[in-house]
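Novice: build the 3D model from these lines:
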Amino acid sequence: MASSLTCAGVVWAFLSFLCAAASCVGFFMPYWLLGSQLEKSVSFGTFRRCSYPVRDESRQMTVMVEQCGRYASFQAIPSAEWRICTVVTGLGCGLLLLVALTALMGCCVSELISRTVGRVAGGIQFLGGKCSCGEGMGC
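Specialist: Model prediction:
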């Protein structure tokens with residue numbers, strides 16, 4: 001198979017794919033925040049939660065549902081900030097996966113990715129990672 005990537009490009013493509021996979025798994029897993037409530041271990045992420053309290057009207061008390069699941073609707077996500085985080089993180093994971101899969105295709109198809117496009121894509125990934133680290137990083 002012909003490749004349009006250099007050795008450094010192949011390494012970049014595989015690292016991009018690994019990072020994309022880790023980001024997507026992290027996005028879909030409900031273990032962003034861990035804690036306890038009503039003496040039960042709870043965890044939740046942007047749109048999933050495990051062991052959450054519900055109001056039992058028949059017994060007139062709050063009980064813990066010990067299972068994992070999604071929120072019933074987008075509006076059921078507890079706050080506007082978490083809803084925004086869900087959308088932004090989901091879009092970011094999707095774009096990261098698109099770039100990574102395109103880079104992996106460049107390992108197998110000649111003339112798919114030019115040297116300039118590869119350098120620009122790598123630079124954008126580098127700057128995006130640097131800027132997401134915090135304000136003190138020079139962005």
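Novice: contacts, neighbours, all on C-alpha from now
Specialist: Will do.
Novice: ok so residue 50 is a strand residue?
Specialist: Yes - according to DSSP: H, G, I helix; E, B strand; the rest coil, residue 50 belongs to a strand.
Novice: what number of residues lie near the residue nearest to it when sequence neighbours are not counted?
Specialist: In space, and not counting its chain neighbours, residue 50 is closest to residue 68: 4.0 Å by C-alpha to C-alpha, 6 or more residues apart in numbering. Using other C-alpha atoms under 10 Å, the number of residues around residue 68 comes to 16.
Novice: which strand or helix spans residue 68?
Specialist: strand 61-70 (DSSP states H and E).
Novice: mean confidence score for the next helix or strand after that strand?
Specialist: The C-terminal neighbour of strand 61-70 among helices and strands, as given by DSSP H and E, is helix 80-108. Helix 80-108 carries an average pLDDT of 81.
Novice: what's the spacing between the closest residue to residue 53 other than its chain neighbours and residue 51?
Specialist: Leaving out its chain neighbours, the residue that sits closest to residue 53 by C-alpha to C-alpha, 6+ apart is residue 64, at 4.4 Å. Taking C-alpha to C-alpha, to the nearest Å as the measure, residue 64 falls 6 Å from residue 51.
Novice: how many neighbours does residue 11 have?
Specialist: 15.
Novice: let's see the pLDDT reported for it.
Specialist: At residue 11, pLDDT is 86.
Novice: picking up where we left off before, quick one: average confidence on the strand holding residue 68?
Specialist: pLDDT averaged over strand 61-70 gives 81.
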